[in-house]
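Take this sequence and fold it.
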Amino acid sequence: MSEMIFCQSCAMPLQKDDDYGTNSDGGKNDEYCVYCYKDGVFTQDVTMDEMIDISLKHMKELFSTDPNFDEQTALNEMKSYFPELKRWQ
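Below you'll find the model as predicted:
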């Protein structure tokens, strides 16, 4: 089984070709997702904390029907994990 690859900006799992961003030449970028990186540039000029807020909003929507989803736990995990991502180092 291959190791899961995550966007190095927002930590979204990159599971299929459509998830990947694009380089300036239009080719697939292996480090960033389609929402964070397009045509060789980041799609948003944000800080790491702003990206965490954006990601948390999407997670809350994605897991809105999951009674086990804990927003504070997710926030704490992102605050611990995001500094390890390439964009935020």
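
Which elements pack onto the longest strand seen in the chain?
Longest strand in the chain, counting residues (DSSP state E): strand 28-33. Using 3 or more Cβ pairs under 8 Å, 6 or more residues apart in numbering; DSSP states H and E, the elements in contact with strand 28-33 are strand 20-22. For the C-beta atoms, the positions are set from N, CA and C on the backbone; glycine is no exception.

who's in contact with the strand it packs on?
With contacts defined as Cβ atoms under 8 Å, 6 or more residues apart in numbering, strand 20-22 is touched by 7, 14, 28-40.

could you redo the last one with a cut-off of 10 Å?
Identification of contacts with strand 20-22 by Cβ atoms under 10 Å, 6 or more residues apart in numbering yields 5, 7, 9, 14, 27-43.

next one: stretch 34-48
With Cβ under 10 Å, 6+ apart, stretch 34-48 has contacts from 7-12, 14, 17-29, 31-33, 50-55, 58, 78-79, 82-83, 85, 87-89.

Just these: which are in helices?
Residues of those located in helices (DSSP state H): 50-55, 58, 78-79.

Can you flag the buried ones in these?
51-52, 55, 78 (16 or more other Cβ atoms under 10 Å).

Distance from the chain centre to the longest strand of the chain, please.
A distance of 11 Å separates the centroid of the chain from that of strand 28-33, by Cα atoms, centre = their mean, to the nearest Å.

residues of that strand that come out buried?
Neighbour-count burial for strand 28-33 [16+ other Cβ under 10 Å]: 29, 31-33.
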